[in-house]
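Chemist: okay, predicted coordinates and the sequence, questions at the end:
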Amino acid sequence: MIAYLGRRLIQSALILLGVSLITFALLYLLPADPVRQIAGRSATPQTVENIRQQLGLDQPFVVQYWHYLVSLLSGDLGRSYIQRSEVTELIVSRLPATLLLMVGAILCELVIGLSMGLIAAVRRGTTTDQTLMVASFVGVSAPQFVVGLLLLYVFAVRLSWFPIGGYGTWRHLVLPSLTMGILGAGWYARMMRSSMIDVLRQDYVRTARAKGLARGAIIFRHALPNAILPVIAMIGIDIGIFMGGIVVVESVFGWPGIGQLAWQAIQRVDIPIIMGVTLVSAFAIVLGNLLADIVAPFIDPRIKLR
Amino acid sequence: MKRFLASTVAASALALALMLGMASARAEDAVDPNAKQGGAITITYKDDVATLDPAIGYDWQNWSMIKSLFDGLMDYEPGTTNLKPDLAESYEISPDGKTFTFKLRHGVKFHNGREMTADDVKYSLDRVTNPKTQSPGAGFFGSIKGYDEVAAGKAESLSGVTVVDPYTVKFDLTRPDATFLHVMAINFSHVVPKEEVEKYGADFGKHPVGTGAFKLAEWTLGQRIVFERNPDYWHKGLPHLDKITFEIGQEPIVALLRLQKGEIDIPGDGIPPAKFQEVMADPEQKARVVVGGQLHTGYVTMNTTMAPFDNVKVRQAVNMAINKDRIVQLINNRAVPANQPLPPSMPGYDKAFKGYAYDVAKAKALLAEAGHPDGFETQLFTMNTDPNPRIAQAIQQDLAAVGIKASIQSLAQANVIAAGGDKAGAPMIWSGGMAWIADFPDPSNFYGPILGCAGAVPGGWNWSWYCNKDLDAKAAEADSVVDPAKGAERDKMWSAIYDKIMEDAPWAPVFNEQRFTMKSPRMGGADNLYVDPVHIPINYDNVYVNDVQ
């Protein structure tokens, strides 16, 4: 177990290093010159060079990357070129909003997805099953900006049940969570359905049925706990899907998280912020996967760590 | 906003016998007698506010916010382009136009309670020109004596700025500079307190302390900025509002919906293009849209060093071939057709100038005279974001009608700028998305970097590579007319320069963008406060709300 952990930690560190190298290189190759951006459009060549020197951008790529890594290890993500604030401060100030959205989204997808999967499995082969599976397919494939705008239009603009974007109360959280949750719910519905079907085929379920237990008791007390565990173990991996979605969903709903920060930074070619958000997201994904892998064998003894 | 290149050559050895007296110390500007005191408004923006440091902020979003937090020696009368003393009570210009002496107001206090004095003015200018500050506006101060030493890092202080006494500051310039009063009105010269700058260091932009009408009450990153009325503001009766809340992270389309529901007062990013026609078709909404000019011109540059655009007849033919009215329609009439480089709201704009009328037959005749009766092939560069490719296509069709076959190169902004700054890079460029917006309302601001010889250098912004030494000399002559009393005469000199430029036709001016500010029904104040030429979107200090008791 400890050897496994050590190996996985080293792997994770290497993945993060790789991500940082690739992102840094891609941003380095961008045609936009960050110094010209800072210096204004018609600064004298002297001013431009002066700023380039101060930022160390006159150094070769390897030296720049090395400096970035060294600062990174001390938790310093640099200063934004446009906002001129510490990137760490910008990310930290926006992280709570993203985490809140993540919790909301996970709740939505679990509640919707697990119930859909459960009902579909119990009603396997019926029209209900087929309808639910088509719905889950739509959920998985619908672009999030379309879902988001649709929800916004119907529930905020037309019905006025929820505020039109923004942040602050639980009512603000509902629509963006739902938008993110619908995508995940589709996946969970499918996984839950197949997991439940597997469990319902087991001998012990047949025995329970033969004993004359009520249908509800069989499903909720005996089958569900076993079927749900492997699905729950997927939450860690879900973070990857989540991180991919926040840029769009946060922008649509004006949600002040790191996705919105990333989107603005990309539009303004604010390289330090793009780097920072990419690394933080990559870290979250790697951590999620690691946790999922470590937790899995405890939940499902059929899985062994090697 | 783009910056004026501070090197309009001042070679003039004119023996100017300017007899300049003291500028009249004007009484406090009239405050709107109908204005109501109090109340709060909400303004939305999509993007984060970058910084509120006057030495650094250089986008249209923070430009106007900074103006409400800080003050400069000079300012403009609200809603106009007329200069007036602000932190200065009066000023005096020496007869040779090279020395400016400002008398400061007494009793002006920073938001931290300390009185502002001449030392603060000097400190602020030393700071903005210091390369360590990395100010995009440092170049504006190039005419102050000692600028070169500070810019090169050889000196810490501008030798041309002298504190005469706590309420008098004197500027010595290396050349007569008629734009200097404007330079004293731009944000980069606004006065900051040394102790606060030193306290916050690089984060001063997040903790701004000035002398302005409002002070920063709250800044929650990515969510909101709140300005509160400065009760000690030296300009009695201003500001009218008690509070302004800027909500950040709101898509323009969402902002419009919230405005329609009465939740906000001004959508800071304007009316989204997709909704523009819908809004303007509804009389009730249209009534709340204020339309005004902008110090902007959209133009097609023709590289005058490249055949066949080295022939003036070809350039004139292109000017006649473009149907500007149709292009204006294409962008839902959010602009007016242009016939000269200066926009109509800029002093020096020549109302009588007719320019080149749309005339296909005459354009063809000119091309034939130039030796291209069957036209020629060329390239038209454009930035790749809407509506620019559509506008480029319209220009392409117009050119095809006179036989010019232009292929469109639709590229990212950085690539188009790079092509324009390369002498052999781009035969024609549509300037949309990168076009010149003036930094201050002075005709010289449209010349140096984009039409003068100084800009016709690799990496420069004079994409037509037009360099007329004679006009450069005339420009320097106009800029040495420092006496504000001779402003009209100077504007005429500039009009003549631009008329001559249009004779040489290095550009085909296409349109001047208009501003459309939408407001909630409760907003009060003159219309020109909502399309103020130097405050975008609105003049925060002077507007008010009607529903306060």
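Modeler: Received the coordinates, thanks.

Chemist: report the separation between residue B:498 and residue B:482.
Modeler: 21 Å (C-beta to C-beta, to the nearest Å). No exception for glycine: its C-beta is placed from N, CA and C like everyone else's.

Chemist: of those two, which one has the most company?
Modeler: Ranked by neighbour count (other C-beta atoms under 10 Å in any protein chain shown), residue B:498 and residue B:482 place residue B:482 first, with 26 against 23.

Chemist: show me where the stretch 201-350 of chain B has strands.
Modeler: B:214-220, B:224-229, B:243-248, B:266-267, B:289-292, B:296-302, B:335-337 (DSSP state E, counting those that start in this stretch).

Chemist: these into JSON lines, with extra columns for mean pLDDT?
Modeler: Shown next, in JSON lines, are the strands of the stretch 201-350 of chain B (pLDDT from 0 to 100):
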{"stretch": "strand B:214-220", "mean pLDDT": "95"}
{"stretch": "strand B:224-229", "mean pLDDT": "96"}
{"stretch": "strand B:243-248", "mean pLDDT": "95"}
{"stretch": "strand B:266-267", "mean pLDDT": "96"}
{"stretch": "strand B:289-292", "mean pLDDT": "94"}
{"stretch": "strand B:296-302", "mean pLDDT": "95"}
{"stretch": "strand B:335-337", "mean pLDDT": "94"}
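
Chemist: can I get these in JSON lines including distance to residue B:453 and mean neighbour count?
Modeler: As requested, the strands of the stretch 201-350 of chain B are arranged in JSON lines below (distance: least, C-beta to C-beta, whole Å; neighbours: other C-beta atoms under 10 Å in any protein chain shown):
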{"stretch": "strand B:214-220", "distance to residue B:453": "43", "mean neighbour count": "17"}
{"stretch": "strand B:224-229", "distance to residue B:453": "42", "mean neighbour count": "21"}
{"stretch": "strand B:243-248", "distance to residue B:453": "42", "mean neighbour count": "21"}
{"stretch": "strand B:266-267", "distance to residue B:453": "42", "mean neighbour count": "26"}
{"stretch": "strand B:289-292", "distance to residue B:453": "33", "mean neighbour count": "17"}
{"stretch": "strand B:296-302", "distance to residue B:453": "15", "mean neighbour count": "25"}
{"stretch": "strand B:335-337", "distance to residue B:453": "29", "mean neighbour count": "18"}
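
Chemist: and those as a markdown table, adding distance to chain A?
Modeler: Shown next, in a markdown table, are the strands of the stretch 201-350 of chain B (distance: least, C-beta to the nearest C-beta, whole Å):
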| stretch | distance to chain A |
| --- | --- |
| strand B:214-220 | 8 |
| strand B:224-229 | 9 |
| strand B:243-248 | 7 |
| strand B:266-267 | 12 |
| strand B:289-292 | 21 |
| strand B:296-302 | 15 |
| strand B:335-337 | 22 |
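
Chemist: could you dump those strands into a markdown table and include distance to residue A:131?
Modeler: Converted to a markdown table, those look like this (distance: least, C-beta to C-beta, whole Å):
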| stretch | distance to residue A:131 |
| --- | --- |
| strand B:214-220 | 44 |
| strand B:224-229 | 44 |
| strand B:243-248 | 41 |
| strand B:266-267 | 42 |
| strand B:289-292 | 48 |
| strand B:296-302 | 54 |
| strand B:335-337 | 52 |
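
Chemist: run the angle between the lengthiest helix in chain A and strand B:214-220 for me.
Modeler: The residue-count maximum for a helix in chain A (DSSP state H) belongs to helix A:87-122. Angle of helix A:87-122 versus strand B:214-220, following axes from the mean of the first three to the mean of the last three C-alpha atoms, to 10 degrees, is 40 degrees.

Chemist: from chain B, how far out is residue A:94?
Modeler: Separation of residue A:94 from chain B (C-beta to the nearest C-beta, to the nearest Å): 5 Å.

Chemist: report pLDDT for that residue.
Modeler: Here, the pLDDT recorded for residue A:94 equals 91.

Chemist: OK, contacts around it?
Modeler: Residues in contact with residue A:94 (C-beta atoms under 8 Å, 6 or more residues apart in numbering or on different chains) are A:256, A:257, A:258, A:260, A:261, B:221, B:222.

Chemist: could you point out which element follows the lowest-mean-pLDDT helix or strand in chain A?
Modeler: Least confident helix or strand of chain A, by mean pLDDT, DSSP states H and E, is helix A:34-39 with a mean of 74. As assigned by DSSP states H and E, the chain's next helix or strand after helix A:34-39 is helix A:45-54.

Chemist: need the contact partners of that following helix.
Modeler: For helix A:45-54, the external contacting residues (C-beta under 8 Å, 6+ apart) are A:35-36, A:38-39, A:58, B:131-132, B:134, B:138-139, B:151-153, B:459.

Chemist: then stretch A:191-202?
Modeler: A:113-114, A:116-118, A:120-122, A:124, A:129, A:132-133, A:205, A:223-224, A:226-228, A:230-231, A:234.

Chemist: these, buried ones only, as a ChimeraX selection?
Modeler: Filtering those down to the buried ones (16 or more other C-beta atoms under 10 Å in any protein chain shown) takes a single ChimeraX command:
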select /A:113,114,116,117,118,120,121,122,129,132,133,205,223,224,226,227,228,230,231,234
